[in-house]
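Engineer: sequence? don't have it. structure:
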């Protein structure tokens, strides 16, 4: 039997429930396809049902009817069930939820529960699960999903509805990054096309290219984020849903900097899409552009002058932490000055920009990522904001580039050439990242970009397509990256490996160990039921010793709220702002039983409390400590230590490299 499409299976199921003829239009409306498509589906089904003595009868002016014995209908239905692939079963709820969002929030359709059950061919219980899934997302935005006279309705503030739609798209693509790879290598674009239609997606992409990308050097994730924001706003505005903004006080008017770009874009949408934006819509769009670092270059200097002192302090503190002088790096200073105002604006306004490489950054560059958080945490009290992991990761990138490009801390440069699409290149990137040194630099390019690149700076190229002859080692791999491919990469990688050590990393002396670790703060085989119970226990110990101030507990819990401090190896590293620590002390706790900590189950907790005066010593401590925490073997030894004395001995040996 040939592969039967999901729509054709559903058509058969619907026909099997009908006793009388139904017009073709009934089915084409239900499936949102043309009559011609229904006729083609009927022909396909008739071909497959011929051996079962079944056929779909087509009668002019009457319509369609399934003809055959009931037992044969059951047999054919069982055959169709066997043909249903795991991929389709796994992803069908995702398709339903996308369609549900489209009907309710994009197309403004009035959907009854009965109608939805018929359209989706699902039970009331399955539909309730889909509605509950959406309500979980909506709940964070004070949006309700209710039924009135069996009609499903969504109620809430327009600004929160638009944020919820964006959150939905980003969650679907993150949670299910293999979604629909049979038809598209870019899951986010595929979801956008389904929600908004290719015509509107192309109109908005053209606007973003013309009015934003042409004048602003934005990374891909910023472009994707603002494109999605504009798509949602345009689609909702088309159906007369407008954002209402509170009056903005004078010190918040900085968001108007990109306002002229918004006006030009408004004229474009009016011409291309017949769309008229209200003043509140244009103000909102201007806010979003400012939050995404889209602003006229002529006004950049005006913004910078307000934050020079703040940036200088950040650079000075990071220099102390790294024991590397960054203070004269003007490119780093310019980058931070350009980034800081929109970042603070985002944090104050609750506007979130996600970094798709966040987990990779935290996994591969945990030391510098943690140092960046310590440096940035000093600004939280000054500006009354709380940094999340995504924002820390963007700041991290500037320091990482500075160290690599301008301070002699060099890395091997590996280029991945993959023209197929974003999902494939990210798949290869992730696999390669796990198989090379953490400090190595990995870039993704297409062939055209590679040929424009200075090849003398590239150590290794990994490509899914044939390249012209170039004087750089090349490994050709399949888009899915097999074990054979990885073995070949490792072989070539080893042959071109250069010894490039990070400079200025001083040895970890016994004095550092005595300063940050004390046996009184080493806890063996403790039993806690929850993360909060463990944190409260440790916080009280620090408070009783008067090692911390009254804001310490809040700092710990705010940090946990802003991002996951668990590690994939089964350890957790909760930490507080240096501003709240009076005396540095690091605690180590092993657990009798694992507890849930963010995304991981952990049985080892390293509780980091470092005072501001010790920031110049913390890099070596973190570097050694995190080397330990990335080793599952060392963690197992510590967790299974038979008593506290042996645990302390294992910790000392690991920290001192013995």
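Structural biologist: Thanks, I have the structure now. Here the structure is a predicted model, which means the values were calculated and not measured.

Engineer: list the contacts of residue 144.
Structural biologist: 135, 138, 154-156 (CB atoms under 8 Å, 6 or more residues apart in numbering). Any C-beta I mention is one placed from the backbone N, CA and C, and that applies to glycine too.

Engineer: at 7 Å instead, please
Structural biologist: Residues in contact with residue 144, defined by CB atoms under 7 Å, 6 or more residues apart in numbering, are 138, 155-156.

Engineer: now residue 489
Structural biologist: Applying CB under 7 Å, 6+ apart, we find residue 489 in contact with 432, 435, 462, 475.

Engineer: give me the subset of the residues you listed that lies in helices.
Structural biologist: Among the contacts of residue 489, DSSP state H puts residue 432 in helices.

Engineer: any chance of CSV for the contacts of residue 489, columns pLDDT and distance to residue 112?
Structural biologist: Conversion of these to CSV gives the following (pLDDT from 0 to 100; distance: CB to CB, whole Å):
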residue, pLDDT, distance to residue 112
432, 78, 50
435, 70, 53
462, 90, 53
475, 90, 57
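
Engineer: generate a PyMOL selection restricted to the buried subset of the contacts of residue 489.
Structural biologist: The PyMOL command for the buried members of the contacts of residue 489 (criterion: 16 or more other CB atoms under 10 Å) is given here:
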select buried, resi 432+462+475
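
Engineer: for the contacts of residue 489, please prepare CSV with the additional fields distance to residue 567.
Structural biologist: As requested, the contacts of residue 489 are arranged in CSV below (distance: CB to CB, whole Å):
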residue, distance to residue 567
432, 21
435, 19
462, 27
475, 30
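
Engineer: just the ones in strands from the contacts of residue 489, please.
Structural biologist: Using DSSP state E to define strands, the subset of the contacts of residue 489 located there is 462, 475.

Engineer: where does residue 555 fall, phi/psi-wise?
Structural biologist: phi -60, psi -40 (degrees, to the nearest 10).

Engineer: from residue 270, how far out is it?
Structural biologist: From residue 555 over to residue 270 the distance is 49 Å, taken as CB to CB, to the nearest Å.

Engineer: repeat that for residue 544.
Structural biologist: For residue 544, the distance to residue 270 under the criterion CB to CB works out to 65 Å.

Engineer: show residues contacting the longest strand belonging to the chain.
Structural biologist: Counting residues, the longest strand found in the chain (DSSP E) is strand 585-597. The set of residues external to strand 585-597 that reach it, using CB under 7 Å, 6+ apart, is 516-518, 521-531, 534, 538, 547, 566, 572, 601-609, 638-639, 641, 647, 651.

Engineer: what do you get if the cut-off is 6 Å, keeping everything else the same?
Structural biologist: Where contact means CB atoms under 6 Å, 6 or more residues apart in numbering, the residues beyond strand 585-597 that reach it are 516-517, 521-528, 531, 538, 547, 566, 572, 601, 603-609, 638-639.

Engineer: that one pairs with which strands?
Structural biologist: According to DSSP bridges, the neighbouring strands of strand 585-597, each with its direction, are strand 522-526 (parallel), strand 600-609 (antiparallel).

Engineer: residue 12: which of those strands is closest?
Structural biologist: Shortest separation from residue 12 across these is recorded for strand 600-609, at 44.8 Å, computed as CB to CB.

Engineer: compute the inter-axis angle for whichever helix or strand comes after the closest one and strand 585-597.
Structural biologist: Per DSSP states H and E, the first helix or strand lying C-terminal to strand 600-609 is helix 618-629. With axes from the mean of the first three to the mean of the last three CA atoms, to 10 degrees as the criterion, the two stretches helix 618-629 and strand 585-597 enclose an angle of 40 degrees.
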